[in-house]
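Trainee: Sequence below, structure please.
(chains A and B)
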Amino acid sequence: NAGVTQTPKFQVLKTGQSMTLQCAQDMNHNSMYWYRQDPGMGLRLIYYSASEGTTDKGEVPNGYNVSRLNKREFSLRLESAAPSQTSVYFCASRPTLYQETQYFGPGTRLLVL
Amino acid sequence: AQKITQTQPGMFVQEKEAVTLDCTYDTSDPSYGLFWYKQPSSGEMIFLIYQGSYDQQNATEGRYSLNFQKARKSANLVISASQLGDSAMYFCAMRGGANNLFFGTGTRLTVIP
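Mentor: A predicted model of the protein is given here:
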């Protein structure tokens, strides 16, 4: 039981390149989330998926797209990376809307040059 | 709109002593949830404790307790008998809407031997 896994752990991109961050959970959770953490700040929500087949914007969605591929997997795509997207990205999952706790993956550190 | 405020950028505590990390919040929702997460230097986000707005008693989880004062809109984390492994960033968070978490800016706790 791995919990929430994220790949890659670390990535360097050049401005304008695209990439997809992968997230998977093996806890049969319904809801999944993508957050970013910038230095000296708390996490901010980018996108979330309340259940398989649905996605919604969070606080800072610009420059990102998401796909809820199935119940297990929720990917985050940067179509044209910008230096402002340099951050640590966390994926999280939550059992149901009625269970409060979110469980986080280990994070992906992204550097955009 | 929800807001979380953590006014202590850094705190020091002697090993085996207790420490209180402050958190105040603002929301117009009558139903809300408050969380504390720990982020060690390795970067992962570890769930510590949860308090629901309708819970009559303060939440406790081992050495962690949440001092919930609804009228003051505060949700302070108390760590008893501090250990060296408690040195980390601590984030207070609030459930927003039906899904996401709003985070404070965090408090860096250093436990002194």
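
Trainee: check whether stretch A:22-29 contacts chain B.
Mentor: No - Stretch A:22-29 stays clear of chain B (Cβ under 8 Å from any Cβ of the partner chain), getting no nearer than 12.4 Å. Yep, even glycine has a C-beta here, placed from its N, CA and C like the rest.

Trainee: Contacts made by that stretch with the rest, please.
Mentor: A:1-7, A:32, A:34, A:71-76, A:91, A:93-96, A:103, A:105 (Cβ atoms under 8 Å, 6 or more residues apart in numbering or on different chains).

Trainee: just checking, what packs against the lowest-mean-pLDDT helix or strand in chain B?
Mentor: Using mean pLDDT, DSSP states H and E, strand B:101-103 stands out as the lowest-scoring helix or strand of chain B, at a mean of 90. Helices and strands touching strand B:101-103, by 3 or more Cβ pairs under 8 Å, 6 or more residues apart in numbering or on different chains; DSSP states H and E, are strand A:43-49, strand B:3-5, strand B:88-95.

Trainee: what residue is smack in the middle of chain A?
Mentor: Geometric centre of chain A, nearest residue: A:Trp34, 2.9 Å, by Cα atoms, centre = their mean.

Trainee: Would you mind pulling the contact partners of the least confident helix or strand of chain B?
Mentor: A:33, A:35, A:41-45, A:102, B:2-4, B:35, B:37, B:91-96.

Trainee: now with 7 Å?
Mentor: Strand B:101-103 is contacted by residues A:42-43, A:102, B:2, B:4, B:35, B:91, B:93-96 when judged by Cβ atoms under 7 Å, 6 or more residues apart in numbering or on different chains.

Trainee: Pretty sure B:Arg108 sits against B:Met89.
Mentor: Yes - if you go by Cβ atoms under 7 Å, B:Arg108 and B:Met89 touch, sitting 5.3 Å apart.

Trainee: Who does A:Leu45 form a beta bridge with?
Mentor: Beta-bridge pairing of A:Leu45 under DSSP bridges involves A:Tyr35.

Trainee: That one reaches A:Pro61, doesn't it?
Mentor: No - contact criterion Cβ under 7 Å: A:Leu45 and A:Pro61 do not qualify, at 8.6 Å.

Trainee: Pick out whichever of the two has more residues nearby.
Mentor: More neighbours surround A:Leu45 than the other of A:Leu45 and A:Pro61, with 22 against 16 (other Cβ atoms under 10 Å in any protein chain shown).

Trainee: residues contacting that one?
Mentor: With Cβ under 7 Å, 6+ apart, A:Leu45 has these contacts: A:33, A:35, A:58-59, B:100.

Trainee: ok, the residues you listed vs B:Gln57, which is closest?
Mentor: Nearest to B:Gln57 among the contacts of A:Leu45, counting by Cβ to Cβ, is B:Asn100 at 26.2 Å.

Trainee: For that closest one, which non-adjacent residue is closest in space?
Mentor: Excluding its sequence neighbours, the residue lying closest to B:Asn100 (Cβ to Cβ, 6 or more residues apart in numbering or on different chains) is A:Leu45, at 4.2 Å.

Trainee: And the one you found, how far from B:Lys70?
Mentor: Taking Cβ to Cβ, to the nearest Å as the measure, A:Leu45 falls 25 Å from B:Lys70.

Trainee: Format the helices and strands packed on strand B:101-103 as CSV; extra columns: mean pLDDT and distance to B:Pro30.
Mentor: Listed next are these as CSV, based on pLDDT from 0 to 100; distance: least, Cβ to Cβ, whole Å:
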stretch, mean pLDDT, distance to B:Pro30
strand A:43-49, 93, 22
strand B:3-5, 93, 16
strand B:88-95, 95, 13
